[in-house]
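Asker: this is a predicted model, with the sequence first.
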Amino acid sequence: ACVRMAEWEKVAEIGDVPENDMREVEAHGERLVLANVGGTYYAFGAWCPHVGTSLALGYLREHTVTCFAHLWRFDVRDGRILYPPMEGVARGYNLPVYPVRVEGRDILVGPRQP
């Protein structure tokens with residue numbers, strides 16, 4: 001059980017990220033964004049796959065994060081690109097997403113979802 005626990009890293013505490021806001025965190029050697037959507041937390045890769053701008057500087061509306069640089073949009077739940085419409089051509093443009101769980105006051109991020 002001890003090995004399994006090591007795969008989860010604490011990135012923040014309840015209250016660190018206000019509701020409907022997000023902030024940059026680090027876990028698993030990567031820069032991630034932790035988003036709080038109506039009290040549910042989501043973690044995804046911080047860099048916009050377009051030109052590498054940090055998505056933490058963008059805008060969060062419901063389950064959509066918008067990159068401030070060129071207004072690309074992604075679903076924070078599964079990382080898929082919503083705009084511009086790629087129609088599945090460029091799979092590499094989806095964001096990596098990570099599982100999040102809350103234990104007591106701690107917010108933990110697990111390993112990247114394949």
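Answerer: Noted; the coordinates are in hand.
Asker: how close does C67 get to G29?
Answerer: Distance, C67 to G29, using Cβ to Cβ, to the nearest Å: 22 Å. From N, CA and C alone the C-beta is placed, and that goes for glycine too.
Asker: tell me the SS of the residue nearest the centre of the chain?
Answerer: Centroid-nearest residue in the chain: F44, 2.2 Å away (criterion: Cα atoms, centre = their mean). Following DSSP: H, G, I helix; E, B strand; the rest coil, we place F44 in the strand state.
Asker: do I have it right that it meets V33?
Answerer: Yes. Between F44 and V33 there is a contact at 5.7 Å, judged by Cβ atoms under 8 Å.
Asker: and for these two, which residues touch both?
Answerer: L55, V65 (Cβ atoms under 8 Å, 6 or more residues apart in numbering).
Asker: look up how far A12 lies from the residue nearest to the centre of the chain.
Answerer: 14 Å.
Asker: do the same with Y98
Answerer: With Cβ to Cβ as the criterion, Y98 and A12 are 13 Å apart.
Asker: H70 too?
Answerer: H70 sits 28 Å away from A12, going by Cβ to Cβ.
Asker: cool, and D21?
Answerer: Going from D21 to A12 by Cβ to Cβ gives 12 Å.
Asker: the two: who's more crowded?
Answerer: Neighbour tally, D21 and A12, criterion other Cβ atoms under 10 Å: the higher count belongs to A12, 21 against 13.
Asker: you'd agree that one is in a helix?
Answerer: No. Counting by three-state DSSP, A12 is not found in a helix; it is strand.
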